[in-house]
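task: produce atomic coordinates for the following.
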Amino acid sequence: LSLQCLDYSSGALTGDLCEDLCVAQKLVYKHCLYYDRGKKVIQADWRGRPIILKSKKEIFSSYQHLSMLEEVETQDIPETELLLMVAVEVKNVLGLELSNNTMGPLWTRKKGPRWKAQVASMWSLLQQEEYIYFSLLQDFSKHVLRIIGSCGHFYAVEYLTAGHAWHKTLFPLENVVGPSLAGHRSRVRAIIDIALSFLDMVQHFDNDFSHRLHLCDIKPENFAIRHDLTVVAIDVDMAFFEPKMRDILEQNCTGDEDCNFFDCFSKCNLKIRKCGAQRANNNLQVICDKIFRRWFSPNLRGPLVSPPLQLQLQKAVQECAEPGYVDAAGHQRTLKSLPELYHLLRVTQRELQRAE
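Okay, the predicted model is just below:
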């Protein structure tokens, strides 16, 4: 981060966290959590609370430069022109057309000192898909990370502990609610609450935006749990709204295996040798397969929930996780799994409450 502060002191970049990072020393580096081909995820301490700093590229100058900053006095660039540039960049990244009033979270800079650095910093952030997702969705969704601020190309988000496939319960529950969750009953109750939150997230991403949001890399490491047991998507590098998803899937093929894009796949039309633009599976199916199967398997059984209900839940998860099919009307079999799982999990919740 020392290079970041050199760029800040030279006036190349700015942001609402730069002063705390580079001058007041109230934002302090702790350690690097992830580094791969320039992408950096850092744990830091900001005014006594842990936060995460993220950037897709390590150095500010690695981002595409905005040539118009050199051609004209930045103060002369009309606000409408900047908003249009933001809209074009969002369309390139997300495949979505956005109105000016929707882009408020992406363009908060105001004319004044360091105006050129503000525009350059904004442009580096707009080249990061995750930043755009988190910025646009945080006012509409409790299931994405909260953005705290930025300095140049680094942006800060809330600190949450990610899940891990090797963890017995996939998510470290003691970090979320406290050591009192060591007991089997508390652990099972928390898992049921988290499973319901996963279903809320599926319903939300499917229905609450102008286009469905597809998650193509579903694994415990890409989610975290808040203290109120809300599921949060913490890595959305492989999340795509419907228009972009269709573009990605519609490729040439010689068989169905050519139509797999990580956790999102479609079917190959052998007559025209092209993958279908419509996804053949869905978010719920993959969550049932990669997360719920681990939770609602025979080894999680115990005396807290009646055996018939445990078997019903296990069967529902198994059916939900099976590869589905899309009929002529475009309906997927797993759609009926959502209300069924909601019902069974709520019944399980009530049984656990009665047991207490």
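
quick one: average pLDDT of the top helix by length along the chain?
Ranked by residue count and defined by DSSP state H, the top helix of the chain is helix 184-207. Helix 184-207 carries an average pLDDT of 93.

give me the residues contacting that helix.
141, 143, 169, 171, 173, 176-177, 180-181, 212-215, 225, 229-231, 233, 282-284, 287, 291-292, 295, 300, 302, 304-305, 338, 341-342, 345-346, 348-349, 352, 355-356 (C-beta atoms under 8 Å, 6 or more residues apart in numbering). No exception for glycine: its C-beta is placed from N, CA and C like everyone else's.

write the PyMOL selection for whichever of the residues you listed are buried.
The buried residues among the contacts of helix 184-207 can be selected in PyMOL (16 or more other C-beta atoms under 10 Å) with this line:
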select buried, resi 141+143+169+171+173+176+177+181+212+213+214+215+225+229+230+231+233+282+283+284+287+291+292+295+300+304+305+338+341+345+348+349+352
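
so which of the contacts of helix 184-207 are in helices?
173, 176-177, 283-284, 287, 295, 338, 341-342, 345-346, 348-349, 352, 355.

okay, now the unreliable bits of the stretch 51-200 of the chain?
68-76, 98-113, 175-183 (pLDDT under 70).

quick one, strands of it?
With DSSP state E, counting those that start in this stretch, the ranges of strands along the stretch 51-200 of the chain come out as 147-151, 154-158.

next, the buried residues of the longest helix of the chain.
Buried residues in helix 184-207, defined by neighbour count with 16+ other C-beta under 10 Å: 186-199, 201-202, 204-206.

so how far is it from its chain's centroid?
Using C-alpha atoms, centre = their mean, to the nearest Å, the mean C-alpha position of helix 184-207 is found 16 Å from that of the whole chain.

and it with helix 337-355, angle?
Angle between the axes of helix 184-207 and helix 337-355 is 150 degrees (criterion: axes from the mean of the first three to the mean of the last three C-alpha atoms, to 10 degrees).

could you dump helix 184-207 to CSV, C-alpha only?
Output in CSV follows, covering the C-alpha atoms of helix 184-207 (Å, rounded to 0.1, in the frame of the first residue of the first chain):
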residue,chain,number,x,y,z
HIS,A,184,-25.2,-29.9,18.8
ARG,A,185,-28.6,-28.3,19.2
SER,A,186,-27.4,-24.8,18.7
ARG,A,187,-25.3,-25.9,15.7
VAL,A,188,-28.3,-27.6,14.0
ARG,A,189,-30.6,-24.6,14.8
ALA,A,190,-28.0,-22.2,13.2
ILE,A,191,-27.7,-24.4,10.1
ILE,A,192,-31.5,-24.4,9.6
ASP,A,193,-31.5,-20.6,9.9
ILE,A,194,-28.6,-20.2,7.4
ALA,A,195,-30.3,-22.7,5.0
LEU,A,196,-33.4,-20.5,5.0
SER,A,197,-31.2,-17.4,4.3
PHE,A,198,-29.7,-19.3,1.3
LEU,A,199,-33.3,-19.8,0.0
ASP,A,200,-34.1,-16.1,0.6
MET,A,201,-31.0,-15.2,-1.4
VAL,A,202,-32.0,-17.6,-4.3
GLN,A,203,-35.5,-16.1,-4.4
HIS,A,204,-34.1,-12.6,-4.2
PHE,A,205,-31.5,-13.1,-7.0
ASP,A,206,-34.1,-14.8,-9.2
ASN,A,207,-36.9,-12.3,-8.9
